[in-house]
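A.B. asks: Model the following, please.
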Amino acid sequence: MSIEVGSVVEGVVTGITNFGAFIELPEGKTGLVHISEVADVYVKDVHDFLTEKDKVKVKVLTIDEKGKIGLSIKQLQEKKPEAQASAPNAGPRSSFRPQRPSNHGGQRDFRKPNRFNSSPASFEDRLSKFLKDSDERLTDLRRKTDSKRGGRGSRRSD
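C.D. replies: Modelled structure (predicted):
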């Protein structure tokens, strides 16, 4: 069976690097599964998902003019509905979904904390604090940029 783009083949993991895994394919050829093509979740370390001498099924994505073969494991995985994805799994190697405790209940709040609303102060108090902080920052910024430009406070040679 020849290796062509789009075909699904079985291979053996021969090496793991920080950017992916090398897979030995039939006919003695070797291809690379890039770290982004290992699983449909974020992969920090390929060792969490694969080990050397693992047999894996891969899809051939690319074959360039130099003979380099780009492979994917991720594209062969079935997309699971959210209800099944939250069910307990046997481990990351069997399902490619790492088990991590969720301390946010599935929801994360990525918004920055509101630094101006830290105390129950009136609107006028918060506004004056904001204006004061803003004025201080602008003054610092002007000082730094003027000194770099040779502005107001610096001497000029005539």
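
A.B. asks: Nearest spatial neighbour of Ser7, chain-adjacent residues omitted?
C.D. replies: Closest residue to Ser7 apart from its sequence neighbours, by C-beta to C-beta, 6 or more residues apart in numbering: Val60 at 5.1 Å. In this view, the C-beta of every residue, glycine as well, is placed from N, C-alpha and C.

A.B. asks: from memory that neighbour sits against Gly11, does it?
C.D. replies: No - Val60 is beyond contact range of Gly11, at 10.2 Å (criterion: C-beta atoms under 8 Å).

A.B. asks: Who has more neighbours out of the two?
C.D. replies: Gly11 (23 against 18; other C-beta atoms under 10 Å).

A.B. asks: Report the next helix or strand after the host helix or strand of that one in sequence order.
C.D. replies: For Gly11, the enclosing helix or strand under DSSP states H and E is strand 8-17. Next in sequence after strand 8-17, counting helices and strands by DSSP H and E, comes strand 20-24.

A.B. asks: Dump the C-alpha coordinates for that next one into PDB.
C.D. replies: Provided in PDB are the C-alpha atoms of strand 20-24 (Å, rounded to 0.1, in the frame of the first residue of the first chain):
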ATOM      1  CA  GLY A  20       5.900  16.100  18.100                       C
ATOM      2  CA  ALA A  21       6.500  12.400  17.500                       C
ATOM      3  CA  PHE A  22       8.200  10.500  14.700                       C
ATOM      4  CA  ILE A  23       6.200   7.600  13.400                       C
ATOM      5  CA  GLU A  24       7.700   4.700  11.300                       C
END
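
A.B. asks: Remind me what that strand packs against, helices and strands.
C.D. replies: strand 8-17, strand 30-34 (3 or more C-beta pairs under 8 Å, 6 or more residues apart in numbering; DSSP states H and E).

A.B. asks: Good, wrapping up.
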